[in-house]
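Novice: Any chance you can model this:
(one chain, ligands or ions: 2)
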Amino acid sequence: MSFKISCQGATSIKTFVGFLWHKLTPAISNTLWEKMAPKIAGDMRATCPAFSGNRANLEKHILLSLAENENFDDYWEYIHNPESFFRNYIQRHIERYCSEQRSNKIKTFLKISVGDIKNAILSAIHESTARAKDKSSTVSGWLDLFCDQLGDKLNFPRKDLISIEHQEIKDIEFLKETMSEALNPAMITLEQKCLSKPEEGMVSDIQNMLSEHLCGCWEQCPFCGAICTNTIPNHDGDHSVPFHRPQAISGGKWVNTDHFVIDYCTSLVASDCYFILKDGCEIPFKTYRHAGGEYATWSITPDTSTQPYWKWFVCHFRKDLEYVHRKRFRGKGKIPHAWTNITKQNVLNDLKK
Ligand SMILES: [Zn+2]
Ligand SMILES: [Zn+2]
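Specialist: Ligands and ions are numbered 1, 2, ... in the order given. Model (predicted):
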């Protein structure tokens, strides 16, 4: 008779533990990914030079990779949709990191996170059992203690366990043993599952974490399209950028011709040239702010120093630029001979300085 009762007790404890693990598994899986994302984001910031600084540093790496790949379509996307280009660039890097590192770093991070959670659960099992025995608690009391002990180490809501809290379990010590025995195999299965299939939302979580350090203003110079380098979105004061581009890159041409403007904004604002607004109004470059609108929000100061980068770009993609903008590098838009001597290596070295 007593053997039968004990058997029934053991069966009900095993059912109870089975249910508890059924609820614990998805909670552990979520917590594992929550712990992984900041570890991966942190490691990317520490080991990938493109992500180790602010957005201006990232842009430098983007310009390097654009020059290395020499793909005009990529340049077009960068010039015309910089924000989405940056976002895709970051996303590709996270995906590459996650697949390349799957065999080593991700494994290590996962092992550490699995170890942390395993310890948290094991100590919660032991602590809650010890206290429940002190207070001669019911199983409902044990569950309260167990969830309390897990605390913020594992997001595991007590309310999900209402359906089992009234089960009659007298042998709390046997409950502890059964829970502890199930821990190792459960964690091994979870670790393997996590390794074989990364969480879908993880890339965007990492992206958000990296973006915190890479945010900034996305306004583009109304003449050449260079992106404001202020690190604060919606910042006070004028937009500005240390290096403008030849206007031809965004399609600028001299009036009544199909000749590109190859001059930089910084030299035009010191010249006696005019530009023409959509309504036909002529504005001297020297007083470009009088054009109002976005022109009034940019600070473009006369400067003759220029980077070789866009000169090389104009020479290298001359035919593509002429084709897409239906304009020519002729007349006042003739490319200076000196520009054609700039090599890709000059450009890369200049950026890496
Ligand atoms: Zn400009
Ligand atoms: Zn700005």
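
Novice: which ones are touching residue 283?
Specialist: 274-277, 290-291, 295 (Cβ atoms under 8 Å, 6 or more residues apart in numbering). For every residue, glycine as well, the C-beta is placed using N, CA and C.

Novice: Identify, from those, the entry nearest to residue 242.
Specialist: Proximity of those to residue 242 (Cβ to Cβ) peaks at residue 295, which lies at 19.1 Å.

Novice: Now for the chain, the helix or strand with the poorest mean pLDDT.
Specialist: Scoring the helices and strands of the chain by mean pLDDT, DSSP states H and E places helix 2-47 at the bottom, with a mean of 83.

Novice: and the closest residue to ligand 1 within the stretch 51-200 of the chain, how many neighbours does it have?
Specialist: Ligand 1 sits closest to residue 79 of the stretch 51-200 of the chain, with a gap of 12.0 Å, by Cβ to the ion. Here the number of neighbours of residue 79 (other Cβ atoms under 10 Å) works out to 20.

Novice: Dead centre of this protein: give me the residue that sits there.
Specialist: Centroid-nearest residue in the chain, with Cα atoms, centre = their mean: residue 207, separated by 1.9 Å.

Novice: check contacts around residue 67.
Specialist: By Cβ under 8 Å, 6+ apart, residue 67 lies in contact with 309, 312-313, 344, 347-348, 351.

Novice: And for residue 255?
Specialist: Contacts of residue 255 were listed using Cβ under 8 Å, 6+ apart, and they are residue 276.

Novice: For the nearest residue to the residue of the stretch 51-200 of the chain closest to ligand 1 once chain neighbours are set aside, grab the count of nearby residues.
Specialist: Spatial nearest neighbour of residue 79, excluding adjacent residues (Cβ to Cβ, 6 or more residues apart in numbering): residue 225 at 5.6 Å. Residue 225: 20 surrounding residues under other Cβ under 10 Å.

Novice: ok, residue 225 to ligand 2 distance?
Specialist: Distance, residue 225 to ligand 2, by Cβ to the ion, to the nearest Å: 13 Å.

Novice: Assign that residue to helix, strand or coil.
Specialist: What DSSP: H, G, I helix; E, B strand; the rest coil gives for residue 225 is coil.

Novice: where does it fall, phi/psi-wise?
Specialist: Main-chain torsions, residue 225, degrees, to the nearest 10: phi 90, psi 0.

Novice: hang on, it packs against residue 249?
Specialist: Yes: with contact defined as Cβ atoms under 8 Å, residue 225 and residue 249 form a contacting pair (6.5 Å).

Novice: Give me the common contacts of the two.
Specialist: Residues within reach of residue 225 and of residue 249 at once, by Cβ under 8 Å, 6+ apart, are residue 79.

Novice: show me the residues around residue 156 that make contact.
Specialist: Here residue 156 is in contact with 23-24, 27, 147, 150 (Cβ under 8 Å, 6+ apart).

Novice: Let me have those in a markdown table, adding distance to residue 211 and neighbour count as columns.
Specialist: Formatted as a markdown table, the contacts of residue 156 follow (distance: Cβ to Cβ, whole Å; neighbours: other Cβ atoms under 10 Å):
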| residue | distance to residue 211 | neighbour count |
| --- | --- | --- |
| 23 | 34 | 14 |
| 24 | 33 | 24 |
| 27 | 28 | 16 |
| 147 | 34 | 18 |
| 150 | 31 | 23 |
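
Novice: Quick check: end-to-end length of stretch 74-86?
Specialist: In stretch 74-86, first residue to last residue: 11 Å (Cα to Cα, to the nearest Å).

Novice: Tell me where the model's unsure across this protein.
Specialist: For the chain, residues meeting the criterion pLDDT under 70 lie at 1-8, 101-103, 198-199.

Novice: residue ranges of the strands in it, please?
Specialist: 274-276, 282-284 (DSSP state E).

Novice: Wait, the residue nearest to the centre of the chain touches residue 94, no?
Specialist: Yes: look at residue 207 against residue 94 with Cβ under 8 Å: they come within range, at 6.2 Å.

Novice: Return every residue with contacts to both of the two.
Specialist: Residues touching both residue 207 and residue 94 (Cβ under 8 Å, 6+ apart): none.

Novice: who wins for proximity to residue 133 among the strands of the chain?
Specialist: strand 274-276 (84.0 Å).

Novice: looking just at contacts, which helices and strands does that closest one meet?
Specialist: The contact analysis (3 or more Cβ pairs under 8 Å, 6 or more residues apart in numbering; DSSP states H and E) places strand 274-276 against strand 282-284.

Novice: so how far is the strand it packs on off the chain centroid?
Specialist: 42 Å (Cα atoms, centre = their mean, to the nearest Å).

Novice: That one pairs with which strands, and in what direction?
Specialist: If you go by DSSP bridges, strand 282-284 pairs up with strand 274-276 (antiparallel).

Novice: Would you mind listing the buried residues in the strand it pairs with?
Specialist: Neighbour counts using 16 or more other Cβ atoms under 10 Å place residue 275 of strand 274-276 among the buried residues.
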